[in-house]
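Participant: Provided below for reference: sequence and predicted model.
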Amino acid sequence: MRFHLIDRIEEISYGNYITAVKCVTLADDVFEEHFPGYPVFPGSLILEGLAQLGGSFFELMMKQQQLPIKRSILSIINKFKFRKPAWPGDRLWYRAELVVLRDDYGVVKVTAEIEGELCAEGELTFTFMEVQNDTLHQSRMELYKICLRNTKVVP
């Protein structure tokens, strides 16, 4: 994946919610083009970070329940709104709350905040798909191992 837009998973409550943080820095490649002299973190990347969190949440729940892990594929973006821009130096707090989980799809309500102010919100639907690729599975597990270091698990 070219852009991994979650720096750390802060908290997870399996079956309820997951939270994460993304630190926006001037070193992010995107600021070379978006926009020189006026660096605004693209809303599409905030959406992608929330999608990565939501998809990871479903995959982590499957792992925790010892189910065969299917890949979460973003299929529907619903009622999504951007409320405030993000700039270098901002810390985005991502949250995904479970709305529904079925065998073949799941829905989460997502929010992004900057210092307690709503930055973006919406609802994301994921389709679950089996991907028989050991390399992908291993790299995904390594990524989760890094992102979950020091994560608080809430019952």
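Facilitator: All right, it came through fine.

Participant: correct me, but residue 7 touches residue 21?
Facilitator: Yes: counting by Cβ atoms under 8 Å, residue 7 touches residue 21, with 5.5 Å between them. For every residue, glycine as well, the C-beta is placed using N, CA and C.

Participant: for residue 105, grab the count of nearby residues.
Facilitator: Per other Cβ atoms under 10 Å, the neighbour tally for residue 105 reads 16.

Participant: I'd say it and residue 126 touch.
Facilitator: Yes: if you go by Cβ under 8 Å, residue 105 and residue 126 touch, sitting 6.3 Å apart.

Participant: what's the overlap in contacts for these two?
Facilitator: Shared contacts of residue 105 and residue 126, defined by Cβ atoms under 8 Å, 6 or more residues apart in numbering, comprise residue 75.

Participant: any idea how far residue 80 is from residue 150?
Facilitator: Distance, residue 150 to residue 80, using Cβ to Cβ, to the nearest Å: 30 Å.

Participant: what residue ranges in this structure score low on pLDDT?
Facilitator: Low-confidence segments of the chain, defined by pLDDT under 70: 1-2.

Participant: returning to what we had before: so for residue 150 and residue 80, which sits in the more crowded spot?
Facilitator: The neighbour count for residue 150 versus residue 80, taken as other Cβ under 10 Å, is higher for residue 80 (15 against 8).
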